[in-house]
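> coords below, sequence missing:
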């Protein structure tokens with residue numbers, strides 16, 4: 001069901017107000033009536049509207065003053081001027097101040113509805129274009145999901161099942177596995193695909209800023225709020241909103257999210273007038289939300305609202321069949337971007353890629369391949385090019401040769417673990433040295449969360465102080 005747009009009608013003639021309410025009322029529009037310019041300005045300063053319709057000639061503050069105030073405080077909200085005394089001067093001044101249209105009374109219901117529909121459609125386009133201009137050219141590194149492995153084939157099967165529904169989806173997976181890419185695929189296959197896909201990164205903003213980013217704010221809501229701001233829920237109206245790393249949302253904002261999921265309503269920060277949200281929500285987390293619930297950092301009722309259709313994205317180490325295909329893709333991507341000849345992998349280099357545990361997942365693989373393409377000038381990428389440290393080999397000197405199949409199996413398992421540990425240790429040390437011992441920078445450069453990178457440091461007994469040389 002389409003959410004009704006909020007329309008403010010301002011006129012000092014009660015008969016005109018009633019006629020506008022009759023024409024614009026009902027399920028399609030929610031009308032608010034003001035009997036003078038002062039009351040209309042007060043409504044604009046306190047509420048959020050999708051459209052303003054105002055009479056031109058009114059006592060005290062007239063329609064041009066309302067228009068001026070609206071454009072200063074709600075620049076994206078269209079204003080339609082009505083007048084029973086049309087003049088060329090007032091028409092020119094209305095257009096100069098930013099009026100969407102200028103209508104002469106009496107206005108027929110059909111004409112009013114036509115202009116209102118055009119104004120609301122224009123507002124939607126303005127908001128969408130404004131948001132799109134703020135986005136980077138592409139947030140993904142490939143359009144199609146590379147999924148040759150059985151685990152990823154199962155993920156795509158579930159994406160196909162849920163995409164055509166309106167169900168809330170919770171994507172669960174480690175940092176760098178491609179949760180946003182899966183969210184985009186769900187949106188692209190959904191009935192909402194013709195609208196923009198809107199992303200909220202819950203990990204990068206302070207709680208107060210995140211609340212304003214999600215729900216918007218009215219002018220004067222807090223220090224620095226010099227004008228009204230549309231939130232992402234408003235921008236994503238009729239589309240899909242992706243909440244990345246939802247575990248980072250504060251408890252206060254979680255309460256507001258719960259309200260949106262339960263009632264499809266929210267209030268901008270500092271606002272008194274509620275707005276409805278026709279939004280399909282996809283959330284993502286790399287945390288165990290059940291543990292967060294136990295630690296009282298995540299609301300249990302919100303978890304159940306988000307967990308309608310949980311979808312686990314496997315880490316790269318569980319989909320090794322995809323590594324070579326991903327590596328080939330990234331190799332071509334960066335060669336094209338850097339305008340360099342496309343090199344090839346040696347068999348040894350491919351084996352090294354498959355042997356690495358990739359704790360940073362696809363993002364880490366992407367970073368490694370970008371560095372390789374930048375550094376290499378050869379037509380072949382060798383094993384040594386994959387890392388500045390050679391791929392560790394497990395020496396058999398001093399070790400007993402396995403005597404049966406079970407011992408061989410255990411020896412191979414141990415060898416793989418030791419090789420992975422050495423590679424992982426070299427990887428952490430290399431990252432720390434490149435960042436001069438700055439743990440946050442090192443984690444960011446290799447595509448990991450700081451807490452996970454610190455856990456690797458602790459596991460291998462690596463200190464920041466010993467690796468500060470770049």
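Yep, that arrived. As the structure is a prediction and not an experimental result, all values here were calculated from the model. Numbering: from 1, shown residues only.

> where's the residue lying closest to residue 239 once chain neighbours are set aside relative to residue 100, distance?
Nearest residue to residue 239 in three dimensions, chain neighbours excluded: residue 195, at 3.4 Å (Cβ to Cβ, 6 or more residues apart in numbering). Heads up, the C-betas are built off the backbone N, CA and C, glycines and all. Going from residue 195 to residue 100 by Cβ to Cβ, to the nearest Å gives 22 Å.

> ok, now residue 48?
To residue 100, residue 48 is 17 Å away according to Cβ to Cβ.

> and if you look at residue 164?
Residue 164 sits at a distance of 36 Å from residue 100 (criterion: Cβ to Cβ).

> these two: which has the busier surroundings?
Shown here are residue 164 and residue 100; by other Cβ atoms under 10 Å, residue 100 has more neighbours (22 against 11).

> need the pLDDT of residue 332.
Residue 332 is assigned 91 on the pLDDT scale.

> ok so residue 7 is a helix residue?
No: counting by DSSP: H, G, I helix; E, B strand; the rest coil, residue 7 falls outside a helix, being strand.

> okay, now the spatially closest residue to it that is not a sequence neighbour: neighbour count?
The shortest distance from residue 7 to any residue other than its chain neighbours is 4.7 Å, reached at residue 51 (Cβ to Cβ, 6+ apart). Per other Cβ under 10 Å, the neighbour tally for residue 51 reads 24.

> and what of residue 205?
If you count neighbours by other Cβ under 10 Å, residue 205 ends up with 16.

> just checking, it touches residue 214?
No: contact status for residue 205 versus residue 214: not in contact, 9.3 Å apart, counting by Cβ atoms under 8 Å.

> so what's the most centrally placed residue in the chain up against?
In the chain, the centroid-proximal residue (Cα atoms, centre = their mean) is residue 199; its distance is 1.6 Å. Neighbouring residues of residue 199 by Cβ atoms under 8 Å, 6 or more residues apart in numbering: 139, 180, 241-242, 244.

> narrow those residues to those in helices?
Those of the contacts of residue 199 mapping onto helices are residue 180, per DSSP state H.

> could you export the contacts of residue 199 as TSV, including neighbour count, distance to residue 313 and pLDDT?
TSV is the format used below for these (neighbours: other Cβ atoms under 10 Å; distance: Cβ to Cβ, whole Å; pLDDT from 0 to 100):
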residue	neighbour count	distance to residue 313	pLDDT
139	11	16	39
180	18	10	93
241	24	19	96
242	26	14	97
244	20	13	93
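
> next step: the contacts of residue 199 restricted to strands.
241-242, 244 (DSSP state E).

> what score does the residue nearest to the centre of the chain have for pLDDT?
92.

> that one - that's part of a helix, no?
No: using three-state DSSP, the assignment for residue 199 is strand, not a helix.

> now the element after the lowest-mean-pLDDT helix or strand in the chain, going C-ward?
Taking mean pLDDT, DSSP states H and E as the measure, the helix or strand of the chain with the lowest value is helix 405-434, at a mean of 70. Counting by DSSP states H and E, the next helix or strand C-terminal to helix 405-434 is helix 439-446.

> what is that next one packed up against?
Helix 439-446 sits against helix 361-375, helix 405-434, helix 450-459, with contacts defined as 3 or more Cβ pairs under 8 Å, 6 or more residues apart in numbering; DSSP states H and E.

> what helices or strands is the last one leaning on?
Using 3+ Cβ pairs under 8 Å, 6+ apart as the contact test, the elements touching helix 450-459 are helix 405-434, helix 439-446.

> and it with helix 439-446, angle?
Per axes from the mean of the first three to the mean of the last three Cα atoms, to 10 degrees, the angle that helix 450-459 makes with helix 439-446 is 110 degrees.

> give me the contacts around helix 450-459.
By Cβ under 8 Å, 6+ apart, the surrounding residues in contact with helix 450-459 are 174-175, 359, 424, 428, 431-432, 439-440, 442-444, 446, 462-464.

> what are the buried residues along it?
452-454, 456-457 (16 or more other Cβ atoms under 10 Å).

> which one among these gets closest to residue 298?
Closest approach to residue 298 among the buried residues of helix 450-459 (Cβ to Cβ): residue 452, at 19.0 Å.

> so what are the domain limits for the chain?
Per automatic domain parsing, the domain ranges recorded for the chain read 5-134, 150-314, 318-391, 396-470.

> least reliable of the ones you listed going by mean pLDDT?
Lowest mean pLDDT within the domains of the chain: domain 396-470, at a mean of 71.

> any idea how far residue 12 is from residue 164?
On the measure of Cβ to Cβ, residue 12 and residue 164 end up 50 Å apart.

> where do the strands sit along the stretch 201-350 of the chain?
In the stretch 201-350 of the chain, the strands defined using DSSP state E, counting those that start in this stretch lie at 240-244, 265-266, 275-276, 280-285, 309-312, 344-345.

> would you reformat the ones you listed as CSV and include distance to residue 224?
Formatted as CSV, the strands of the stretch 201-350 of the chain follow (distance: least, Cβ to Cβ, whole Å):
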stretch, distance to residue 224
strand 240-244, 24
strand 265-266, 21
strand 275-276, 22
strand 280-285, 28
strand 309-312, 38
strand 344-345, 51
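
> for residue 158, find the nearest of those strands.
Of all those, strand 309-312 sits nearest to residue 158, with 5.5 Å by Cβ to Cβ.

> which residue comes closest to residue 245 once chain neighbours are left out?
What sits nearest to residue 245 in space, not counting adjacent residues and going by Cβ to Cβ, 6+ apart, is residue 203, at 3.9 Å.

> can you give me the neighbour number for that neighbour?
14.

> what about the helices in the stretch 251-400 of the chain?
Applying DSSP state H, counting those that start in this stretch to the stretch 251-400 of the chain gives helices spanning 251-263, 289-294, 300-306, 323-337, 347-355, 361-375, 383-386.

> any idea which of those helices gets closest to residue 119?
Using Cβ to Cβ, the helices of the stretch 251-400 of the chain put helix 251-263 closest to residue 119, at 26.1 Å.

> quick one, the closest one and strand 280-285 angle?
Using the same axes, to 10 degrees: helix 251-263 against strand 280-285 is 150 degrees.

> centre of the chain to helix 251-263, how far?
In this view, helix 251-263 has its centroid 18 Å away from the chain centroid, taken as Cα atoms, centre = their mean, to the nearest Å.
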